[in-house]
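Asker: Sequence first, then the predicted structure:
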Amino acid sequence: MMPEVMPPPTNSKRVQAWVYAVINPVIENLRREVFFLAKGNITWQGDTKKCEYIRPICEYIQYSQMPNYEDFLADPLNLGFREKFEEHDGALSAVESSAAEFADGLIRSDLFQKQVKDALEQYQSTARANGQYLYLGSLPRAVAALLVNRIDVLPHHYGTHDFWEIYRNNFELFREGTSFQSVKRAADALMAVSAKLLLCLENHRQMLCRTYDIPAAQIP
């Protein structure tokens, strides 16, 4: 016969581990996700075909804290979060897949390749005097990633800053097709999932802290 499951005591170290090692890092990273997604930037990288700053939930947990993560998911006090985390990761996977499909389609497009080549030639003719050069071999994938992430302005230290500032509008037409609309829909869906999960975790943390009389963050 299974032993009766007892609720954690006040000031429970186990509940503290859930809050500090699991809930807090996930909340912190979900807030970052929502920040980027609200701007339309999925932080997708062409070389890895993954989102740089939006990751599966388990990747927000330190490896040494995985036992606490597994315990958090297994305990009835945290019922439903396994499914919520899986929903988030599924939405992220859909974003990455649609982004890769869009970018790969651009790379295969003769029209896109010609647009990049023509813009690069114009850019090099004006930038030659001060030695600012870009290379055609890597530029199409860089432009594809900028389009995927809906980047309008790049920081000045980026090597493609000047090029993108001058020629960004030349590539807007490639964001009008159905494949890019699939990226946008997937990103909007992930935004909704991430924002909902963030609110659930914030409320759950507050409940645990009040119920078990623990601070919301470790005190130095």
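Answerer: That came through, no problem.
Asker: Show me what whichever helix or strand Q181 is part of is packed up against.
Answerer: When secondary structure is defined by DSSP states H and E, Q181 falls within helix 178-212. Applying 3 or more CB pairs under 8 Å, 6 or more residues apart in numbering; DSSP states H and E, one finds that helix 178-212 contacts helix 24-38, helix 81-108. For every residue, glycine as well, the C-beta is placed using N, CA and C.
Asker: in it, what counts as buried?
Answerer: 179-180, 182-184, 186-187, 190-191, 193-195, 197-198, 201, 204-205, 208-209, 212 (16 or more other CB atoms under 10 Å).
Asker: and if you look at stretch 79-87?
Answerer: By 16+ other CB under 10 Å, the buried positions in stretch 79-87 come out as F81, K84, F85.
Asker: And for stretch 68-76?
Answerer: So, applying 16+ other CB under 10 Å, buried residues of stretch 68-76: N68, Y69, D71, F72, L73.
Asker: so the second one sits in a helix?
Answerer: In other words, Y69. Yes. Counting by DSSP: H, G, I helix; E, B strand; the rest coil, Y69 is part of a helix.
Asker: Show the pLDDT at it.
Answerer: On pLDDT, Y69 comes in at 98.
Asker: Verify the stated contact: it with Y20.
Answerer: No. Using CB atoms under 8 Å, Y69 is not in contact with Y20; the gap is 11.8 Å.
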